[in-house]
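A.B. asks: Structure for this input, please:
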Amino acid sequence: LLRCWCLLAMLLCAGCRRGSSAAPRPTPPVPALARGDVVVVEKTAAEFFEARVLAASGASLKVQTTEEGEPVTVALSDAYKVPPPPPVFAPGDPAICGEGRARWLPCRVTHPAPALAAVLGDGATRSFVPAQVLAPNPVTALDIRHYFENADAQRGFAQAARGAGEPSRPSGWAPAPHEPVIVRQRRDWFSAHVARAVEDGGLEIVWDGSRETEVVPGEDVVPVPPFAHEFAPGDFVLIRPATESEAWPRVQLEAVGPEEVVAVRENGERLKVNARQLVPLAHPVPEPRKPSP
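C.D. replies: Residues are numbered from 1 along each chain as shown. The predicted structure is shown next:
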């Protein structure tokens with residue numbers, strides 16, 4: 001009997017140890033706030049604004065936004081006092097970083113000490129003083145993690161889309177006056193019409209949406225679709241924008257049919273596009289190597 005009691009006691013103690021090790025980390029208490037306190041409020045998931053407390057009542061706050069000066073009512077649990085208590089971070093922790101006047105952004109701590117550094121959604125790393133970095137509650141921390149997952153995915157998509165190349169001018173194609181075309185402007189392509197040919201193979205074009213003219217190199221001008229090209233799932237292409245003044249966006253083909261394709265935008269949105277409205281992308285052809293002397 002004594003042996004049974006000892007065995008039972010050992011099992012109970014083991015269960016206690018397991019329970020204590022699996023206990024969740026305590027949630028930081030919501031700080032007491034009073035009229036005049038400066039706070040940062042999570043407006044929507046991982047989107048923040050700065051404000052000053054006008055009144056505190058139970059689980060809500062009436063605040064005045066710093067930028068617009070508008071009074072709004074927010075949940076007390078969505079507010080963070082500025083300056084914050086001394087933060088304790090580990091590398092990779094989500095946080096809320098202050099950059100510039102009244103501008104607070106989701107960030108991810110890279111180096112907590114001796115000089116606190118964090119990366120922002122655009123991939124840039126900045127140094128911050130402790131008073132500029134707020135420790136989020138568990139709900140906001142999850143929002144910030146999702147924000148960075150989306151930002152990382154969009155950045156990877158953009159890099160892959162740029163790496164797919166650019167539209168190429170068909171061999172022997174010469175645009176006629178008034179013909180609609182697509183023209184490169186820095187890193188993007190925009191709709192235009194040809195006005196006339198100029199010397200050295202250039203073209204004077206009229207930008208759609210603005211009617212301004214500009215002379216551009218002929219190699220920066222390609223025809224509008226359709227193209228004689230066989231598309232496949234996984235290809236990156238250009239599609240016509242919603243308005244004339246917008247750049248032709250880069251999308252990736254998910255499914256290809258005889259008349260319609262399913263394309264994915266940088267933000268993950270899926271859309272159906274007429275297969276005859278796609279502009280193929282191609283890697284630039286490398287210059288032939290000169291023979292060694």
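
A.B. asks: use CA for all of it now, contacts and neighbours both
C.D. replies: Will do.

A.B. asks: Which of the three states applies to the spatially most central residue of the chain?
C.D. replies: The structure's the chain has its C-alpha centroid closest to A151; by CA atoms, centre = their mean the separation is 3.8 Å. Following DSSP: H, G, I helix; E, B strand; the rest coil, we place A151 in the helix state.

A.B. asks: Contacts only, for it.
C.D. replies: Neighbour list for A151: G121, D122 [criterion: CA atoms under 8 Å, 6 or more residues apart in numbering].

A.B. asks: Relative to V264, how far out is it?
C.D. replies: Distance of A151 to V264, given as CA to CA, to the nearest Å: 16 Å.

A.B. asks: Ok, P106 next?
C.D. replies: From P106 to V264 the distance is 26 Å (CA to CA).

A.B. asks: Between the two, tell me which one has more neighbours.
C.D. replies: With neighbours defined as other CA atoms under 10 Å, P106 and V264 compare such that P106 has more, 27 against 19.

A.B. asks: Next up, the contacts around the more buried one.
C.D. replies: Residues counted as contacts of P106 (CA under 8 Å, 6+ apart) are A46, E47, P94, A95, I96, C97, L120, G121, I144, Y147.

A.B. asks: export these to CSV and tack on pLDDT?
C.D. replies: Formatted as CSV, the contacts of P106 follow (pLDDT from 0 to 100):
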residue, pLDDT
A46, 96
E47, 97
P94, 97
A95, 97
I96, 97
C97, 96
L120, 95
G121, 92
I144, 97
Y147, 96
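
A.B. asks: which among these gets closest to P217?
C.D. replies: Of all the contacts of P106, P217 sits closest to G121, with 35.6 Å by CA to CA.

A.B. asks: wait, doesn't the closest one sit right on F148?
C.D. replies: Yes: counting by CA atoms under 8 Å, F148 is a contact partner of G121 at 6.3 Å.

A.B. asks: Name the residue in those two with the higher neighbour count.
C.D. replies: Neighbour comparison, G121 and F148: the larger count goes to F148, with 21 against 18 (by other CA under 10 Å).

A.B. asks: what kind of secondary structure is that one in?
C.D. replies: What three-state DSSP gives for F148 is helix.

A.B. asks: wait, what's in contact with it?
C.D. replies: G121.

A.B. asks: mind checking how far it is from F236?
C.D. replies: 24 Å.

A.B. asks: what's the answer for K43, then?
C.D. replies: Counting by CA to CA, the gap from K43 to F236 is 35 Å.

A.B. asks: now do P136
C.D. replies: Going from P136 to F236 by CA to CA gives 38 Å.

A.B. asks: now swap in A45 and tell me
C.D. replies: Taking CA to CA, one finds A45 at 30 Å from F236.

A.B. asks: So which of those two has more stuff around it?
C.D. replies: Neighbour totals were compared for A45 and F236, and F236 leads with 28 against 15 (other CA under 10 Å).

A.B. asks: Disregarding residues adjacent in the polypeptide, which is nearest to the more buried one?
C.D. replies: Nearest in space to F236, with sequence neighbours left out and distances taken as CA to CA, 6 or more residues apart in numbering, is Q252 at 4.4 Å.
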